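Colleague: Test case, fold it:
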Amino acid sequence: MLEKQKEILIAVKENIEKIESERYNSKDPVVTIDKSDSHQNVIVKLLTAERTGAPLILEKETLYPAEDLAKRNFSKGVTTLNSWRFRKSSTHFTDAANLARDLVLQQRINLYKQLHSLLQSTVLTAPDKIIKSKGKLFAEVLNSLKKYDKLSEEEQYYYQRIIDSLYGIASLLVAGDKKTKTQQLFVRCTISLSNREYLAANIWLFKIYLLNRDAFDSLAASDKILQKALKSLQLYVEVEAGLKEFAEGLPIMASAYDLQTIFADYLKTVFDIEFIVETKRDFGFPEYRV
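Modeller: Model prediction:
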């Protein structure tokens, strides 16, 4: 590392520690660029402001160098939330909240933190228990929309509608709607795949098969590829779960990723819908667009 770069990074680290200490003591620190500052000091202060989200005072004007970074983290949070990567999404929203100074953006971030909890609960709660155990959470998030006074009425109404839509999905799960339960299982499979939990992913796929057994068996009767995939999946799950002893000569399994793709294609036929498109729509919170 160049000596000059090393000096700058050390100074930035010291400034960040100072700002964090002031914040710990309930202060709201700012970074000020003075006319007397050297080029190196200006670079140090710019980097400090960007990395901490602290306001930057330049010639009596207040700038927020980290605002773009906050917006990027927020957008990443929405994207990862809607692909059900909940841990990563939560990290992005936290990072965005730490950097954001714009009041509208702050309110959007706080709202999406609530939507994150709502969607995660809907995905991970047993279908028959969602309304009973999470009904209050839906009501709390809907009621909280009133406090986001920096958002336009149109934007508040938009989020009210998509929250209501998810409540409708939760109601269908409680009612035992086969398509909606299949979608929830498919989402859980996707989460397991993103966590590299391949046994769990295959179990979710097997549950999808059991839920829609008649339809899958009917398709498999004239489709040797599907027939082989279902038999292999059942045997794999039974062996891994200890329901059957391991035996040599087990059929070669498709990867869990490939098997999920196969299932998605057949589920389009089973329910006569664009299955993945509708699942993302039903179990997601797209950002409001003007």
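Colleague: for the helix or strand Ala139 falls within, which positions count as buried?
Modeller: Per DSSP states H and E: Ala139 is located in helix 130-144. Within helix 130-144, the residues scored as buried using 16 or more other C-beta atoms under 10 Å are 130-131, 134, 138, 141-142. Quick note: C-beta positions are derived from backbone N, CA and C, even for glycine.
Colleague: Show me what that helix is packed against.
Modeller: helix 103-124, helix 153-174 (3 or more C-beta pairs under 8 Å, 6 or more residues apart in numbering; DSSP states H and E).
Colleague: Same list (those helices) but as CSV, adding mean pLDDT and mean neighbour count.
Modeller: Listed next are the helices and strands packed on helix 130-144 as CSV, based on pLDDT from 0 to 100; neighbours: other C-beta atoms under 10 Å:
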stretch, mean pLDDT, mean neighbour count
helix 103-124, 97, 19
helix 153-174, 97, 16
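Colleague: Any idea which of these gets closest to Thr62?
Modeller: Comparison of those against Thr62 by C-beta to C-beta identifies helix 103-124 as nearest, at 13.8 Å.
Colleague: Who are the packing partners of the closest one?
Modeller: Where contact means 3+ C-beta pairs under 8 Å, 6+ apart, helix 103-124 is packed against helix 67-81, helix 86-99, helix 130-144, helix 153-174, helix 178-194.
Colleague: any weak-confidence spans in this protein?
Modeller: Applying pLDDT under 70 to the chain picks out residues 1, 241-253.
Colleague: run the last query once more with 90
Modeller: 1-12, 14-16, 18-42, 44-67, 98-99, 101, 199, 223-256, 290 (pLDDT under 90).
Colleague: most distant residue from the middle of it?
Modeller: Ser36 (45.8 Å; C-alpha atoms, centre = their mean).
Colleague: tell me which element that one falls in.
Modeller: Here Ser36 is assigned to no helix or strand, by DSSP H and E.
Colleague: middle-most residue in this protein, spatially?
Modeller: Leu81 (1.9 Å).
Colleague: Identify the residue spatially nearest to that one, adjacent ones excluded.
Modeller: Distance criterion C-beta to C-beta, 6 or more residues apart in numbering; nearest residue to Leu81, sequence neighbours excluded, is Ser89 at 4.1 Å.
Colleague: phi, psi of Ile57?
Modeller: phi -90, psi 120 (degrees, to the nearest 10).
Colleague: right, and Thr279 touches Gln183 too?
Modeller: Yes: with contact defined as C-beta atoms under 8 Å, Thr279 reaches Gln183; the gap is 4.5 Å.
Colleague: so what does the helix or strand encompassing Leu219 touch, helix or strand wise?
Modeller: Assigned by DSSP H and E, Leu219 belongs to helix 213-220. In this structure, helix 213-220 packs against helix 224-240, helix 256-271, with contacts taken as 3+ C-beta pairs under 8 Å, 6+ apart.
Colleague: Quick one: neighbours of the residue nearest to Leu81, just the number.
Modeller: Residues near Ser89, counting by other C-beta atoms under 10 Å, number 24.
Colleague: can you check the one 5 residues further on too?
Modeller: Summarising burial for Thr94: neighbours were counted as other C-beta under 10 Å, giving 14.
Colleague: From Gln106, how far off is it?
Modeller: Using C-beta to C-beta, to the nearest Å, one gets 13 Å for the distance from Thr94 to Gln106.
Colleague: Show me which of the buried residues of helix 130-144 is closest to Ser255.
Modeller: Proximity of the buried residues of helix 130-144 to Ser255, judged by C-beta to C-beta, is greatest for Ile130, which lies at 31.0 Å.
Colleague: Let me know whether that closest one touches Ala175 as I believe.
Modeller: No: contact criterion C-beta under 8 Å: Ile130 and Ala175 do not qualify, at 10.7 Å.
Colleague: More neighbours: Thr279 and Gln183, which one.
Modeller: Taking neighbours as other C-beta under 10 Å, Thr279 and Gln183 compare with Gln183 leading, 27 against 22.
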